[in-house]
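Participant: need a structure here:
(chains A and B)
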Amino acid sequence: MRVVNQNFETITEYDLTKGFLYPGVIIREDAEPIDNITKHAWADEDYEDVQIYALYPVEEPTQLDRIEAQVAYTAMMTDTLLEV
Amino acid sequence: MTDRVPGAPGQYRATVSSEEFSKLQNGEAFTITMVRDDAPLTEGTPYSKAAVLPDSVANKICPDIQDPSPADAFAGLLPIRGGTMTGALTLEKQLELGSGGTGRDLSTIEPYSIIRAASNSAYLLSTPTANGAFFATGDNKAAKFATLPIAQGGTGATTAANAVTALGIKDYVVAQGTSGGWYYQKWNSKYVTAWRNITTTPTAQGTNYVTQALPFTLADKNYYVGVTGVSAAMSGFATDFNVSNSTPSEGRTTTNVTINYNYSRSSFYSVGMTVFIMGTLP
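Facilitator: Next comes the predicted model:
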């Protein structure tokens, strides 16, 4: 089964430690376009099962994370960092 | 006419005056009067203009000929045998269907009646040059061929699009069918609806994803998506599987919808869900 990125572009290399695969159904690139005259929707054979590769989401740091980082940075610069 | 029946066929009576007789005796030309004297048994009809071709008849047969002769009259009757008729023909009795008539006494037909051939009620005895349906409005006017109004059971239009407008139809389905598991309807207003079942197998505890191509491209990604978990091949799926966090706006494009769902079990069973979309076409 073809593996694609989230833009549905074929990829051959992907890192499963940084991302994951999930199932998807997309439209083949060579599918005959819909003309709304004789073809009103994609034909059954226009659909293709694929595996979609997505990176794990990177969480945005919270305000508390930023304060902790600021404290740690200040402690390091003032040589007052406590050993934990 | 009646034939004359003579009692003495070929008999004539000659009369000569004494003066003419003297001429005869002198060898001169003379005059005698001869009268038919055949003692008829039946007098018969005189062979006269009144009996053969009176003016009243001749002028009807030959209305364009001055002082028509019997020969003109016979020539005027020739079209009845298949020639070209000029002028109106008056019949004293209705022409039967087999001869191309109606077989009806039209003088008894009520005004505005539809005259039909008795042998085949599917046809009117008419060859109209106007387009449309033959109808009457009951307003004491002649029936006519025209676009059949709504009041007479028609649409008041000659095209499907105009008929829809005339009938006051606000919207209607222009296409519907199936597409790769979708059931869809496309409306004339460009609204679309589509629904389908999706069966997939989660690969992780927590949030899982599944992407599904839409049956057609939508105008924008701000379409409505409804997802309901309908089944799971495990017990207690109501708490272990749910799609309450599905359909984030970032999971949509104009061509695909990505659904995320929560799955809490450590072993992975297939799950089913029903997806419904409502949007507009470009």
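Participant: nearest residue to the middle of chain A?
Facilitator: Relative to the mean C-alpha position of chain A, the nearest C-alpha, by C-alpha atoms, centre = their mean, is the one of residue A:54, at 3.0 Å.
Participant: avg pLDDT for the helix or strand where that one lies?
Facilitator: Per DSSP states H and E, residue A:54 falls inside strand A:47-55. When pLDDT is averaged over strand A:47-55, the result is 95.
Participant: quick one: least confident helix or strand in chain B?
Facilitator: helix B:237-240 (a mean of 48; mean pLDDT, DSSP states H and E).
Participant: so who does the residue nearest to the centre of chain A touch?
Facilitator: Taking C-beta atoms under 8 Å, 6 or more residues apart in numbering or on different chains, we find residue A:54 in contact with A:5, A:6, A:19, A:20, A:21, A:22, B:209. To be clear about C-beta, it is placed using only N, CA and C from the backbone, and glycine gets the same treatment.
Participant: what about 7 Å?
Facilitator: Residue A:54 makes contact with A:6, A:19, A:20, A:22, according to C-beta atoms under 7 Å, 6 or more residues apart in numbering or on different chains.
Participant: hmm, which two among those are most spread apart?
Facilitator: Greatest spacing in these, by C-beta to C-beta: A:6 and A:20 (11.6 Å).
Participant: which residues in the stretch 1-150 of chain B form strands?
Facilitator: Using DSSP state E, counting those that start in this stretch, the strands found in the stretch 1-150 of chain B span residues B:12-15, B:33-36, B:133-135, B:144-146.
Participant: now those strands in JSON lines, please, with extra columns for distance to residue B:260.
Facilitator: Formatted as JSON lines, these follow (distance: least, C-beta to C-beta, whole Å):
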{"stretch": "strand B:12-15", "distance to residue B:260": "134"}
{"stretch": "strand B:33-36", "distance to residue B:260": "130"}
{"stretch": "strand B:133-135", "distance to residue B:260": "59"}
{"stretch": "strand B:144-146", "distance to residue B:260": "61"}
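Participant: coming back round to it: can you pull the buried residues of the strand holding residue A:54?
Facilitator: Neighbour-count burial for strand A:47-55 flags A:47, A:48, A:50, A:52, A:53, A:54 (criterion: 16 or more other C-beta atoms under 10 Å in any protein chain shown).
Participant: residue B:74: which of the residues you listed is nearest?
Facilitator: residue A:47 (87.1 Å).
Participant: partners of the closest one in the sheet?
Facilitator: For residue A:47, the beta-bridge partners under DSSP bridges are residue A:27.
Participant: contacting residues around it?
Facilitator: Taking C-beta under 7 Å, 6+ apart as the test, what residue A:47 contacts is A:25, A:27, B:180, B:213.
Participant: quick check: residues of chain A near chain B?
Facilitator: A:22-27, A:34, A:40-42, A:44, A:47, A:52 (C-beta under 7 Å from any C-beta of the partner chain).
Participant: and residue B:151, its phi and psi?
Facilitator: phi -60, psi -20 (degrees, to the nearest 10).
Participant: now it: how far from chain A?
Facilitator: 35 Å (C-beta to the nearest C-beta, to the nearest Å).
Participant: same question for residue B:252.
Facilitator: 13 Å.
Participant: now that residue, nearest residue through space, not along the chain?
Facilitator: residue B:221 (4.3 Å; C-beta to C-beta, 6 or more residues apart in numbering or on different chains).
Participant: not counting sequence-adjacent ones, nearest residue to the residue in the stretch 1-150 of chain B that chain A sits nearest to?
Facilitator: Of all residues in the stretch 1-150 of chain B, residue B:147 sits closest to chain A, at 27.2 Å by C-beta to the nearest C-beta. Nearest non-adjacent residue to residue B:147, counting by C-beta to C-beta, 6+ apart: residue B:132, 5.1 Å away.
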